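# no sequence on this one, just coordinates:
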């Protein structure tokens, strides 16, 4: 399998703290790769750099064979790389359909076209129905529960027909039923050819769903391998349990 | 919301017909003068609303472009004359609007890299920069001596100015109304909610903001140009006046930012009130105290403005009668929130 995403020697310092320190890894096309590590190991910072929200101090990110010249989330999204946030971020004053429509890829000259053209509306309705949010499609996003907002955020990034989706703790703070729903969505979309990179603390889910698993510690890659191997790795156990 | 409703069209049509008929029904100068200023502030508020109301970028520098429009008009026609019938200065308005809109693009591109308070301060600085330029570029503006424009001899002096303003006001309202329904509006609303997230789903935020800024200040400049011709002279402290800025921003918040008719309603309440206060208590700047009071009252009592508050009230009353639309207590309710 070829690498869809390549991260090379990525480094980020915040004042005296080196949050990410020469981090290098790859995400193969067609995988569900997990990125795990203790709190503060730099997972979200890596996400922010990979998706263009943060400029790395050193290192490079290539997506789909192209190296990003400057960090720009919008450009990355249009190239097929999208993400969700740990705390769901949706457009609270827009309806669910509008939340999805705004995420559809449109050329710049569509600026003065209809806000929700019929093709976008149809696709948004399909996606929302898949996520069982179809009944709420005309409601404003702020009326949704926390878990529903997570689903909505996930659903919205699909409008851009992504190749790679980065999920930042998709199941944090949601109930067990919702965890299963989320897992099912990831599996379905994976079958349709979408690659995933998932930050997750729920280890049972990681072990069931992801392969390979990459472990970060102190901003650098500590281990990588099949879930069972990683689980047995003494370095990993040490990093998690600490001494 | 997406389609042109018959009721909306009728509402717009009735308002516009009434406004067109007004200067043909009333011909007292003081009435038309007041109507001129009502329309002027309604237009300024509407133009400001396009950027401030829709994208949430609070610009305190729009009046700099009002001044640019005013000076363009005054300087141009103090040199070439206004023509035999005096309509030429009103015919060039679109050109002034477009020229100022294009000029504003690099400024907008820099200013819009900042957000929230910083953007407000940066644009406020712009106001004073342009005012100082007007004071000091004497070769062009004659500094504090000002520029005067020849007066036309219209049969009813105020009427052509009023109608020119009405056209710009109609344009501003049409643009505001249209943007609300096209993709640009959706993008601006997304930017207002969460700009970083918007970028993360591919929204071309910079393009959308700069374009909107340019259109907004282009219309502001056209109003400035009409004002200059109407008044007949342009001085730096009046053409680029923080009070005009306040006057074009306050109606937006009173009526309801981000709505199509809110700023108009706000201007139709505030400007006559201001004129009445000025008449009652003399042409001092005491009315500013009343403006401050209005602003405080809005923040305390109607933080979202008149129209959205009324809409909420209607929605609440309607919801009270029917069942709530959100399903509650289903198995998929979440533990955390």
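Right, received. Where do you want to start? Small disclaimer: the values here were computed from a predicted structure and weren't measured.
# okay, now the unreliable bits of the chain?
No chain was given, so I picked chain A. Along chain A, the model assigns pLDDT under 70 to residues A:1, A:241-243.
# correction: the question concerned chain B.
B:1-4, B:282-284, B:320-337.
# mind listing the helices for chain A?
A:43-50, A:73-79, A:96-102, A:118-130, A:146-157, A:176-191, A:203-209, A:227-232, A:234-241 (DSSP state H).
# tell me the centre residue of chain A?
residue A:166 (1.7 Å; CA atoms, centre = their mean).
# that older thread, can you tell me which of the helices of chain A is most buried?
Of the helices of chain A, the one with the most neighbours on average (mean count of other CB atoms under 10 Å in any protein chain shown) is helix A:96-102, at a mean of 27. Every C-beta, even on glycine, is put in place using the N, C-alpha and C of the backbone.
# other SSEs contacting that one?
helix A:118-130, helix A:146-157, helix B:183-200 (3 or more CB pairs under 8 Å, 6 or more residues apart in numbering or on different chains; DSSP states H and E).
# quick one, which of those is nearest to residue A:209?
Among the helices and strands packed on helix A:96-102, the nearest to residue A:209 by CB to CB is helix A:146-157 (14.5 Å).
# on that earlier part again, okay if I get the helices of chain A as a markdown table plus distance to residue B:24?
Listed next are the helices of chain A as a markdown table, based on distance: least, CB to CB, whole Å:
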| stretch | distance to residue B:24 |
| --- | --- |
| helix A:43-50 | 62 |
| helix A:73-79 | 51 |
| helix A:96-102 | 43 |
| helix A:118-130 | 44 |
| helix A:146-157 | 52 |
| helix A:176-191 | 64 |
| helix A:203-209 | 73 |
| helix A:227-232 | 81 |
| helix A:234-241 | 82 |
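# strands of the stretch 101-250 of chain B, residue ranges please.
Ranges of strands in the stretch 101-250 of chain B, per DSSP state E, counting those that start in this stretch, are B:147-148, B:233-234.
# most packed of those?
strand B:233-234 comes out most buried of the strands of the stretch 101-250 of chain B by mean count of other CB under 10 Å, with a mean of 22.
# grab the nearest non-local neighbour of residue B:154.
Leaving aside its sequence neighbours, residue B:154 sits nearest to residue B:160 (CB to CB, 6 or more residues apart in numbering or on different chains; 5.2 Å).
# what sits against the one you found?
If a contact means CB atoms under 8 Å, 6 or more residues apart in numbering or on different chains, then residue B:160 has B:86-87, B:90, B:152, B:154 as its contacts.
# gap between it and chain A?
31 Å (CB to the nearest CB, to the nearest Å).
# touching, the residue nearest to the centre of chain A and residue A:49? I think so.
No - in this structure, residue A:166 is not within contact of residue A:49 by CB atoms under 8 Å, at 11.1 Å.
# quick check: next helix or strand after the host helix or strand of residue B:33?
Applying DSSP states H and E as the criterion places residue B:33 in helix B:29-55. Next helix or strand after helix B:29-55 toward the C-terminus (DSSP H and E): helix B:62-80.
# can you give me the angle that next one makes with helix B:29-55?
On the basis of axes from the mean of the first three to the mean of the last three CA atoms, to 10 degrees, helix B:62-80 is oriented at 130 degrees to helix B:29-55.
# so which bits of helix B:62-80 are buried?
B:62-78 (16 or more other CB atoms under 10 Å in any protein chain shown).
# same thing with stretch A:10-26?
A:10-12, A:18-21, A:23, A:25-26.
# those residues in strands, which ones?
Per DSSP state E, strands hold the following members of the buried residues of stretch A:10-26: A:10-12, A:18-21, A:23, A:25-26.
# and the two most separated of those residues?
Among these, the pair separated by the greatest distance (CB to CB) is A:18 and A:26, at 21.9 Å.
# tell me which parts of the stretch 151-300 of chain B are close to chain A?
By the rule CB under 8 Å from any CB of the partner chain, the part of the stretch 151-300 of chain B lying against chain A is B:178, B:181-187, B:189-190, B:192-194, B:196-205, B:207-208, B:211.
# just the buried residues of these.
Buried members of those, scored by 16+ other CB under 10 Å, are B:181-187, B:189-190, B:192-194, B:197-205, B:208, B:211.
# ok, now which ones touch residue A:3?
Per CB under 8 Å, 6+ apart, neighbours of residue A:3: A:26-29.
# what do you get if the cut-off is 7 Å, keeping everything else the same?
Contacts here follow CB atoms under 7 Å, 6 or more residues apart in numbering or on different chains; on that basis residue A:3 touches A:26-28.
# got it, and residue A:162?
Contacts of residue A:162 by CB under 7 Å, 6+ apart are A:80-82, A:194.
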